[in-house]
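**Student:** Predicted model and sequence below, questions to follow.
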Amino acid sequence: MHFDRATHPDAPHTKLHTPNWFVSSLMLDRALDAILRRVKKLDRSHDVPYLAGYSMDGKTIYIDRHLPTSFTYRGRTIEVDRFLIMHEEVEKTLIDQLDLHYLHAHQIATRAEEAAVRAQKISWRAYDRFMQKYVKSVGDERLKKVPDDLDLKPYRDYHDWDLMQRMEKAIDAGRLPGASKTLRSEIAAYNSAFREERRDASRKAKRGKKRATKRASSKR
């Protein structure tokens, strides 16, 4: 096992004779604490697709109201909010500050979340298994109270059209009475644009088939 003369996090001039993995875990935990201190508001009073999300301005982190705040792992009580907050903060920052596509930002944020979980000597499989029990995804009837200012970019970039349609139908049917005009108009605009995109793709495919048919006929 390799040992390193690492710097003590509280006393920078004091060296620690510790394994590298221990120092990495310690520093990752400190980094996570620093991220948590920057969060302006945590909201656990709404239904959030895929468990967690953030407001459009990034000032509020949303965690689904039905997700328990902890689970038991090998006799330990594991608080989960800190890991979800880290994921959402990293993801939102990468999208807004570096203009990354959601799928790329999500992958990086997931790796950071996994590293933070493992640093606490928690099985990622056990953690993920717990989370999956509470995921509200496409077609879920439990999506009744969605935040007014929920950032929909992740769902747009993921092309989760089924979810967006379902949210629009729920609003039209009065099942989301608290939905703001902004949220309503954004969902409607997205669905309209996506329908047009699908129509264009369909027309393009048909034109391609016609050209292919003509070429095949001319070769006979």
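**Tutor:** Received the coordinates, thanks. The shown structure was predicted, so the numbers you read here are calculated from the model rather than taken from an experiment.
**Student:** Which residues are in contact with the closest residue to Met56 other than its chain neighbours?
**Tutor:** Excluding its sequence neighbours, the residue lying closest to Met56 (Cβ to Cβ, 6 or more residues apart in numbering) is Asp151, at 4.7 Å. In this view, the C-beta of every residue, glycine as well, is placed from N, C-alpha and C. Residues in contact with Asp151 (Cβ atoms under 8 Å, 6 or more residues apart in numbering) are 53-56, 58, 92.
**Student:** hmm, 7 Å instead?
**Tutor:** Asp151 makes contact with 53-56 under the criterion Cβ atoms under 7 Å, 6 or more residues apart in numbering.
**Student:** Among the residues you listed, which ones are in strands?
**Tutor:** 53-54 (DSSP state E).
**Student:** could you redo the contacts of Asp151 as TSV and give each row neighbour count and pLDDT?
**Tutor:** Output for these, formatted as TSV (neighbours: other Cβ atoms under 10 Å; pLDDT from 0 to 100):
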residue	neighbour count	pLDDT
Gly53	26	95
Tyr54	27	95
Ser55	18	94
Met56	18	92
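**Student:** Export the contacts of Asp151 as TSV, with columns for distance to Glu113.
**Tutor:** Output for the contacts of Asp151, formatted as TSV (distance: Cβ to Cβ, whole Å):
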residue	distance to Glu113
Gly53	14
Tyr54	14
Ser55	19
Met56	22
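**Student:** right, and out of the contacts of Asp151, which lies closest to Asp128?
**Tutor:** Each of these was scored against Asp128 by Cβ to Cβ, and Gly53 proved nearest at 18.0 Å.
**Student:** ok, so what distance separates the closest one from Ser45?
**Tutor:** 13 Å (Cβ to Cβ, to the nearest Å).
**Student:** now do Val135
**Tutor:** Counting by Cβ to Cβ, the gap from Val135 to Ser45 is 18 Å.
**Student:** Which stretches in this structure count as helices?
**Tutor:** Ranges of helices in the chain, per DSSP state H, are 20-38, 81-98, 102-119, 124-132, 153-157, 161-172, 181-218.
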